[in-house]
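Participant: have a look at this prediction, sequence included:
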Amino acid sequence: MPQSSSSEVQKRLEILRYRFQDKTIREIDDLVASVLGVSQGSEAIGKLVNIYQQLHRLAGSAGTFGFARLGAQARKLEMAIKPLADQVTADADNEHVRLQFQQLLKRGFESDLAGLGHFVEEAEPVSAKWHQPRPARAGNPPVLLLMEPDPHLTRQILRGLALYGYQVRLLSADEPRPDILHGVDLIMIRDSLLQNKMARWLTELHGIPVICFSNAYEFTTRYHLASLGVDACIDEPHDIPVLADRVEQLLSEGPTTLTGRVMIVDDDRELLEHYRVVLTSGGLQVQALDDPASLLAALSEFRPDILLMDVQMGPYDGPTLARMLRFQSEWLSLPIIFLSSEEDQNRQFDVLARGGDDFVTKPVADEFLLRTARIRCYRARQLGKLVALDGLTGLLKHAFAKTELNREYARCIRNGHSSAVAMLDLDNFKQINDTYGHQTGDMVIKALSNLLRHRLRNTDIIGRYGGEEFVVVLPECELDKAVGVLETLSQDFSRLAFTGDGSEFSVTFSAGVAALNTYESGEQAIEAADRALYQRKRAGRDGITVATAVLS
Ligand SMILES: Nc1nc2c(ncn2[C@@H]2O[C@H](COP(=O)(O)OP(=O)(O)OP(=O)(O)O)[C@@H](O)[C@H]2O)c(=O)[nH]1
């Protein structure tokens, strides 16, 4: 996703503020006209409900655009007219309400309303100080910095990690150059290099995970390493699958992965666009919706991690929409966060009881909104992972992989593109378990998973289908291209050196691949890929076989 600079974000927010200013000046004129109309009898008393709703919206949005005093003053007027609007809604005696309205006018309600216009002129400067463009990692290989004095080991690590798709930069111990850190995702360093000035340099690094190569097990040494900011210790870095696994783990916990998909629903278009700019500039994928009636279709299409929703949206009530969403089991666990100017805690709880998860009071500061959305997305994704991802490999579990496969099948049939599906199975794996033990076997499974994750595209679907069997779906990929990708993967995997029982060994895999779009269902395509896999096994393993059956 392209990252905007702070000044670009600031400019976009400024444009939105001008629009808000313009619209608000017109709205204040309308409000004054409505109040006059009701007081002179040319407007029905029911108009008070609209006046209240408009003030409520203004009170909730003005602060976001930098008009804090306008928001506070609108809130005062909103509170003054609310009891009357409530009575109208409850069908109370109109004459009685009219009398109270006249009293309100005597206390200067109309001139206070007209006076809101002054506050539209005084805005705080637009600031995007909270905005920090994040390193764009999506699509680029992670960059690792290596500081290791042993040249032989350095070469071994360089070669091994390159097979996983990592880009490794070297830095020698006697030339600490902080500029080389630009774009680095992780540091690997020998413990002896951490003793002197390098240590001080390292302690200044914030947020970049550090793996230390160290054979020291004493408490004091390890404590010292931890105090220097080291995140992981590895005693045998030449065991590349173990090293790659640790790298993978640390990267998956890093700040660059703090992303997510947010859907926002609000009928106030300027406010909606403001939220969209703020969240998008913070690296989140956002879908903004101003018409709640299209919510269900939009959710199915976009599949957000969280839903941010206004409470009052014209004829629609946010909590009722939340309750309606919960009718469908697929949205039962979708976190719904209400954005509202409702300050009454009892009413907030009432809203939460009707299907919401949290409440953010408007006006909400940009930084707070971004943080809340990021944290919520992170939690939602973590929970989602627990449910959908296999614990050992972090790949999709069988059922979830099948759902994704069927989704891609529907997509390729609808759009007419070619996609491929492959089944992969480790060769003679029982023998590896029997010879080196189950733990080493697990490491081999993890190594293949990591290799697949790094070398395939972000849009490819990878699942652990069974014990040592994997499914891979390559959307928008011709069959011959898929075969090429798998062949390269198969060669690279066979070049990985595993360590078990003090000796080195290598492993191969077999695969069967089929053109997804040429079958009558995703299920049939996967069966064809599976048959091809077993042909490969019978033909001697270690390689790729293409399924032959296609639709007539
Ligand atoms: N270490 C480990 N082993 C597993 C796991 N899941 C399945 N296995 C083992 O994988 C082995 C699969 O053996 P087989 O189905 O006979 O296949 P194979 O030995 O790979 O032989 P071919 O597939 O014909 O090449 C069994 O010994 C399983 O116990 C796992 O999560 N970890």
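Facilitator: The structure has been received and is ready for your questions. Residues are numbered from 1 along each chain as shown.

Participant: going by C-alpha atoms from here, please, whenever you check contacts or count neighbours.
Facilitator: Fine.

Participant: so what's the backbone phi/psi at whatever residue of the stretch 451-552 of the chain ends up closest to the ligand?
Facilitator: Residue of the stretch 451-552 of the chain nearest the ligand, by C-alpha to the nearest ligand atom: Gly467 (3.2 Å). With angles defined as degrees, to the nearest 10, Gly467 shows backbone torsions of phi -50, psi -70.

Participant: how about the one 4 residues further on?
Facilitator: With angles defined as degrees, to the nearest 10, Val471 shows backbone torsions of phi -120, psi 140.

Participant: now for it, how many residues are close by?
Facilitator: Neighbours of Val471 under the rule other C-alpha atoms under 10 Å: 27.

Participant: wait, it touches Ala422, no?
Facilitator: Yes - counting by C-alpha atoms under 8 Å, Val471 touches Ala422, with 5.7 Å between them.

Participant: okay, buried residues for the longest helix that the chain contains please.
Facilitator: The residue-count maximum for a helix in the chain (DSSP state H) belongs to helix 6-40. Of the residues in helix 6-40, 6, 9-10, 12-14, 16-17, 20-21, 24-25, 27-28, 31-32, 34-35, 38-39 count as buried by neighbour count, 16 or more other C-alpha atoms under 10 Å.

Participant: the residues you listed also near the ligand: which ones?
Facilitator: The subset of the buried residues of helix 6-40 within reach of the ligand, counting by C-alpha under 6 Å from any ligand atom, is empty.

Participant: so which bits of this structure are right by the ligand?
Facilitator: Contacts of the chain with the ligand, taken as C-alpha under 6 Å from any ligand atom, map to 426-431, 433, 438-439, 441-442, 467-468.

Participant: which of those count as buried?
Facilitator: Those of the residues of the chain next to the ligand that meet the buried threshold are 426-427, 429, 441-442, 468, by 16+ other C-alpha under 10 Å.

Participant: show me the residues you listed that map onto strands.
Facilitator: Leu426 (DSSP state E).

Participant: contacting residues around Leu489?
Facilitator: Going by C-alpha atoms under 8 Å, 6 or more residues apart in numbering, Leu489 touches 451-452, 455.

Participant: try 10 Å
Facilitator: By C-alpha atoms under 10 Å, 6 or more residues apart in numbering, Leu489 lies in contact with 163-164, 448, 451-452, 455-456, 483, 495, 509, 543.

Participant: quick revisit: what's the overlap in contacts for Val471 and Ala422?
Facilitator: 462, 511-513, 526, 529-530.

Participant: buried subset of those?
Facilitator: Buried among the shared contacts of Val471 and Ala422 (16+ other C-alpha under 10 Å): 462, 511-513, 526, 529-530.

Participant: let's have those residues in JSON lines, adding distance to Asp268.
Facilitator: Output for these, formatted as JSON lines (distance: C-alpha to C-alpha, whole Å):
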{"residue": "Ile462", "distance to Asp268": "40"}
{"residue": "Ala511", "distance to Asp268": "53"}
{"residue": "Gly512", "distance to Asp268": "52"}
{"residue": "Val513", "distance to Asp268": "50"}
{"residue": "Ile526", "distance to Asp268": "47"}
{"residue": "Ala529", "distance to Asp268": "50"}
{"residue": "Asp530", "distance to Asp268": "52"}
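
Participant: can you tell me how far the closest residue to the ligand within the stretch 1-150 of the chain is from Leu170?
Facilitator: The minimum distance from the stretch 1-150 of the chain to the ligand, using C-alpha to the nearest ligand atom, falls at Pro142 (27.1 Å). Remark: distance between Pro142 and Leu170 (C-alpha to C-alpha, to the nearest Å) = 14 Å.

Participant: more neighbours: which of those two?
Facilitator: Pro142 (19 against 14).

Participant: could you chop this structure up by domain?
Facilitator: Following automatic domain parsing, one finds the domains of the chain at 6-119, 143-256, 260-361, 398-546.

Participant: quick one: the helices in the stretch 451-552 of the chain?
Facilitator: For the stretch 451-552 of the chain, the helices defined by DSSP state H, counting those that start in this stretch occupy 479-494, 522-538.

Participant: what's the most buried one of those?
Facilitator: helix 522-538 (a mean of 21; mean count of other C-alpha atoms under 10 Å).

Participant: mind giving me the packing neighbours of it?
Facilitator: Applying 3 or more C-alpha pairs under 10 Å, 6 or more residues apart in numbering; DSSP states H and E, one finds that helix 522-538 contacts helix 398-415, strand 420-426, strand 469-474, strand 509-515, strand 543-546.

Participant: need these in TSV with mean pLDDT, can you?
Facilitator: Below are the helices and strands packed on helix 522-538 laid out as TSV (pLDDT from 0 to 100):
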stretch	mean pLDDT
helix 398-415	94
strand 420-426	98
strand 469-474	97
strand 509-515	98
strand 543-546	97
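
Participant: quick one: buried residues of stretch 321-330?
Facilitator: So for stretch 321-330, counting by 16+ other C-alpha under 10 Å, buried means 321-322, 325-326.

Participant: now do stretch 44-52
Facilitator: Neighbour counts over stretch 44-52 (16+ other C-alpha under 10 Å) mark 45-49, 51-52 as buried.

Participant: likewise for stretch 455-469?
Facilitator: 455-456, 460-465, 468-469.

Participant: got it, and stretch 338-354?
Facilitator: 338-342, 348, 351-352, 354.

Participant: now, the most widely separated pair of the residues you listed?
Facilitator: Taking C-alpha to C-alpha as the measure, the buried residues of stretch 338-354 span a maximum distance of 17.4 Å, between Ser341 and Arg354.

Participant: and which of the buried ones among the residues of the chain next to the ligand is nearest Tyr409?
Facilitator: Tyr409 lies nearest to Glu468 out of those, by C-alpha to C-alpha, at 24.2 Å.

Participant: pLDDT below threshold where in this structure?
Facilitator: Applying pLDDT under 70 to the chain picks out residues 1-4, 128-139, 173-178, 196-206, 253-258, 549-552.

Participant: can you say which of the helices and strands packed on helix 522-538 is packed in most?
Facilitator: Burial of the helices and strands packed on helix 522-538 is given as mean neighbour count (mean count of other C-alpha under 10 Å); strand 509-515 ranks first at a mean of 29.

Participant: tell me what that strand is packed against?
Facilitator: strand 420-426, strand 469-474, helix 479-494, helix 522-538, strand 543-546.

Participant: one step back: of the buried residues of stretch 321-330, which belong to helices?
Facilitator: Judged by DSSP H, the buried residues of stretch 321-330 include 321-322, 325 as members of helices.

Participant: got those as CSV, with distance to Pro237 columns?
Facilitator: Output for these, formatted as CSV (distance: C-alpha to C-alpha, whole Å):
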residue, distance to Pro237
Leu321, 54
Ala322, 51
Leu325, 50
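
Participant: which one of those sits closest to the ligand?
Facilitator: Leu325 (37.4 Å).

Participant: give the contact list for that closest one.
Facilitator: Contacts of Leu325 (C-alpha under 10 Å, 6+ apart): 295-296, 299, 319, 331-332, 334, 336, 355.
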